[in-house]
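Novice: Build the 3D model from these lines:
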Amino acid sequence: QQSGRKYNLFLKRRLRIDKRHQSKDSIFFRDGVRRIDFVLSYVDDLNKEWEKKLERRKEFESNLQKAGLELETEDKKESEDGKIFFVKIHAPWEVLITYAEVLNIKVPIRENDIPPMVENPLDCVLFPLRLPEKVMHPEPDYFTAPFSKDKQELYLINDESTFFSPSMRNRIVNYILTRCPYGTEEGKKKFGIKRLLSNGTYTAAYPLHDCQYWKKASDPNCDSERYTLYMEWARFLRFYKEQPLVLIRKYYGEKIGIYFAWLGFYTEMLFLAAVVGLICFLYGLFTMDENMSSKEICDPAIGGEIIMCPLCDRDCEYWRLNTTCESSQYSHLFDNVATLFFAIFMGIWVTLFLEFWKRRQARLKYEWDLVDFEEEQQQLQLRPEYEAKCTQKKKNPITQEMEPYLPLTSQAVRFCISGATVLFWVSLIIASMIAVIVYRLAVYAAFASLMENTQTLQPISGLLTPQLATSVTASCLNFVIIMILNFFYERIAIWITDMEIPRTHMEYENRLTMKMFLFQFVNYYSSCFYVAFFKGKFVGYPGAYTYMFNRWRNEECDPAGCLIELTTQLTIVMAGKQIWGNIQEAIVPWICNWWGRRKARNNPENLYSRWEQDHDLQTFGALGLFYEYLEMVIQFGFITLFVASFPLAPLLALMNNILEIRVDSWKLTTQYRRPVAAKAHSIGVWQEILNGMAILSVVTNAFIVAFTSDMIPRLVYYYAYSENEDSPMSGYINNSLSVFQISDFPERNEPKENPENFVICRYRDYRYPPDHEKKYLHTMQFWHILAAKLAFIIIMEHVVFIVKFFVAWMIPDVPADVKAKIKREKYLTQKILHEYELEKLKERLCQGDKRATEKEFIATEGRMELSRAM
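Specialist: Down below sits the predicted model:
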């Protein structure tokens, strides 16, 4: 009986559709003429809030119609699940031209007659990477001017229904929706679709995709841009192709377009860094057998005879230096002379990247009509939430109009709460890092004992040393803690930013960005900073070790240095973050959409409407791009701040970003509702964050080369202490290890067993031997090495900074040809506008309009002469 009712319902729908001769997979109203610019959905649930929600909807939709919008409602009986109502919104011509003027939208006035750039001689080589011309440039380039209702004859209006692109139309409708009132509650005026979504009056508000992504729309009036983007951009098999940025901008708006332009440019620049990093890694690989330090460590006659002091108290035993043979060989992969070259190279590369991006951004601003775009147009408008929550008003000194404001006392209280919350979470990260350090100190002895007594681990004991096992497990534990803290802090950051009630959209984004970045910076990089700059630096010496909390002995570095441990930490955190990020971005939305559409996918297309298909997709959200930028900026920190320890980091980032571009494009095109178009002329505050990290990276890499790697001690030995002219580095290992007399061990440190009755042991430091008058004090070589390290830091920083600032000075932010084109376009646009005004005045004079005086005529001609002179 139930299946019979479903079949009857199916027949009714089929007859209804056949009667209309229109597929429901359409982006038009039932008349097939008026385009659907926005869709609202709601569920008519009969709970205690039902009547209140109904009143809100009636008032809101009535006010939308008063604003000029046209509405068409789809009854819940028409929906796939029989529960959801859909309100389709169309913006007629009068509404579009009114708000186009309000939003200062630029529209075409004449086709661009400026000759294109000279062809690149490498075009033949790069031809396989190119996309078809109709995809890269789907429409001609035009001179544009801000729209004005009074000058409609000036613009190239061939068809009113297509003059404003769908992204412009949904931007205009969204502007109206966010400011439309819906009544008064608790004595306060309520308005905006965001509030109606948050209180459940509506369940969703979104513009429509123009077609299904896997096939073109059957309607010839539809451009099927989503299909083109999927076929030419969003498929992974197109990973080697350039991005259709003009089409991305046209379909999604400038804000999303500028993100993909930046991500693509960053990926292109990474190619150079990845190649140089790979060469440096290969240099370390091919010179591994020539490394004298690892040769001496591995030599049974040298490393096999050197007895090292225990690495923990009581439970650890004396050990021979040659047990670290394999790890010392692998550390040479990253700790060699190429490390210094690569650190300097990356300091210059990051400057080139930032300066060339400014030039690329300037070109995009010209090509996308953003030259005169002011943030006031979009970002500096008051947020609806600010207007709703601020009841007090004062006069704006600029506009001389009354507007809401937040009292200073309220701001101070909110900032104190916000600051205390951020400080608490940063302290929580530092506490978790200390907990991981305690873990490292506590489990080292357990790993040492386990590997010593377990026969099955003997074959790999040379490669998997207790230090490496501790480092790897601690890095994995640290990564898990990072992900858990991230999950909670993201929600806390949004909550405290909402609590601050920022005045404008720009303020909101900037405050949230700084909170999130500060947290992520400490969260992701704190463990790397510990290994790079603290581990092994405050150990003390046998008999006088330093302890954390007076209980756990501080960690020592491997005899070959701490750099290999920093590399391990960096690789696990960086690779783990990228893998987890791609799982979150691609697999999770796909599973959610698959689960949500598991019933509807069996329905015929004419029953599963376009608005229902999009309703079942995920919401991209206002902060969607924020998380994409944050992910890439954190990655940028990994490949710049610690790149001296891991030359392959840019290669890992390059491979990730090639995948990232296609994953982001795929999910945006196939898994998410169409975002509301928004304007942006730059990457915003992220530019300043990148500049700050670029400067910090020079300092961190100089300290890594000086204090974490073994390069400076080796150079000091080579030039000042070597006694073998034929092989200057022979004897370095023996020279870098000090002698300790075992009888000097206090009871707390002395091992429980000494079966071979060793008399002395060695440790990594530069101290006098037990028979010297300055017993266990630092030798002069220690001070020479320290002086050399400090001198190296000062010299490297100054050299790299001088080169950076010189390169930045040499490269202008705006290309010369773009400057010329901007001036040319301004001149031509002014000329066209003035000619238009002159023609209108002539018409009025001919018609005998007394208001069109001779003075007006002369003034207009004077403006034309002035524009020519300029």
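
Novice: Give the rounded mean pLDDT of stretch 494-514.
Specialist: In this model, stretch 494-514 has a mean pLDDT of 84.

Novice: make that stretch 283-296, sorry
Specialist: On average, stretch 283-296 scores 88.

Novice: what's the answer for stretch 680-697, then?
Specialist: So the average pLDDT for stretch 680-697 ends up being 90.

Novice: what distance separates it from the centre of its chain?
Specialist: Mean-position distance between stretch 680-697 and its chain equals 11 Å (Cα atoms, centre = their mean, to the nearest Å).

Novice: ditto for stretch 72-90
Specialist: 37 Å.

Novice: Give me the distance between the two termini of that stretch.
Specialist: 8 Å (Cα to Cα, to the nearest Å).

Novice: Name the residues of that stretch that are buried.
Specialist: 74, 78, 79, 80, 84, 85, 86, 87, 88, 89, 90 (16 or more other Cβ atoms under 10 Å). Bear in mind the C-beta positions are built from the backbone N, C-alpha and C, glycine included.

Novice: Looking at it now, give me its mean pLDDT.
Specialist: Here the average pLDDT along stretch 72-90 is 87.

Novice: One more: stretch 524-531?
Specialist: On average, stretch 524-531 scores 85.

Novice: ditto for stretch 826-838
Specialist: According to the model, stretch 826-838 has a mean pLDDT of 82.

Novice: With stretch 348-364 instead?
Specialist: The model assigns stretch 348-364 a mean pLDDT of 93.

Novice: can you start the count at 425 instead of 1 from here on
Specialist: All right, first residue 425 from here; so that's stretch 772-788.

Novice: Buried residues, it. List them.
Specialist: For stretch 772-788, by 16+ other Cβ under 10 Å, it's 773-779, 781-788.

Novice: In three-state terms, label the residue nearest the centre of the chain for me.
Specialist: By Cα atoms, centre = their mean, the mean C-alpha position of the chain lies nearest to residue 1053, the distance being 1.9 Å. Look at residue 1053: counting by DSSP: H, G, I helix; E, B strand; the rest coil, its state is helix.

Novice: And for the one 5 residues further on?
Specialist: In three-state terms, and counting by three-state DSSP, residue 1058 is helix.

Novice: Contacts only, for it.
Specialist: 944, 945, 948, 1001 (Cβ atoms under 8 Å, 6 or more residues apart in numbering).

Novice: Give me the secondary structure label for residue 1162.
Specialist: With three-state DSSP as the criterion, residue 1162 reads strand.

Novice: Hmm, residue 1189 and it touching each other?
Specialist: Yes: in this structure, residue 1162 is within contact of residue 1189 by Cβ atoms under 8 Å, at 4.8 Å.

Novice: Looking only at neighbour counts, state which of those two leads.
Specialist: Neighbour tally, residue 1162 and residue 1189, criterion other Cβ atoms under 10 Å: the higher count belongs to residue 1162, 22 against 18.

Novice: For that one, which non-adjacent residue is spatially closest?
Specialist: Spatially, and ignoring its direct neighbours in sequence, residue 1162 is nearest to residue 1191 (4.4 Å; Cβ to Cβ, 6 or more residues apart in numbering).

Novice: Quick check: phi and psi at the one you found.
Specialist: phi -130, psi 160 (degrees, to the nearest 10).

Novice: partner residues bridging it?
Specialist: residue 1202 (DSSP bridges).

Novice: got the contact list for it?
Specialist: 965, 1162, 1200, 1201, 1202, 1203, 1206.

Novice: Can you give me every residue that contacts the fourth one?
Specialist: For residue 1201, the contacting residues are 1191, 1192, by Cβ under 8 Å, 6+ apart.

Novice: Quick check: the gap between it and residue 1164.
Specialist: Distance of residue 1201 to residue 1164, given as Cβ to Cβ, to the nearest Å: 13 Å.

Novice: Could you do the fifth one as well?
Specialist: The gap separating residue 1202 from residue 1164 is 14 Å, by Cβ to Cβ.

Novice: which parts of the one helix or strand residue 1210 maps to are buried?
Specialist: Using DSSP states H and E, residue 1210 falls within helix 1204-1234. Going by neighbour count (16+ other Cβ under 10 Å), the buried part of helix 1204-1234 is 1205-1206, 1208-1210, 1212-1213, 1216-1217, 1220-1221, 1224, 1228, 1232.

Novice: mind putting the residues you listed in JSON lines, pLDDT included?
Specialist: Output for the buried residues of helix 1204-1234, formatted as JSON lines (pLDDT from 0 to 100):
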{"residue": "1205", "pLDDT": "94"}
{"residue": "1206", "pLDDT": "94"}
{"residue": "1208", "pLDDT": "95"}
{"residue": "1209", "pLDDT": "94"}
{"residue": "1210", "pLDDT": "94"}
{"residue": "1212", "pLDDT": "95"}
{"residue": "1213", "pLDDT": "93"}
{"residue": "1216", "pLDDT": "93"}
{"residue": "1217", "pLDDT": "93"}
{"residue": "1220", "pLDDT": "91"}
{"residue": "1221", "pLDDT": "91"}
{"residue": "1224", "pLDDT": "90"}
{"residue": "1228", "pLDDT": "88"}
{"residue": "1232", "pLDDT": "87"}
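
Novice: What is the nearest of those residues to residue 624?
Specialist: residue 1232 (52.0 Å; Cβ to Cβ).
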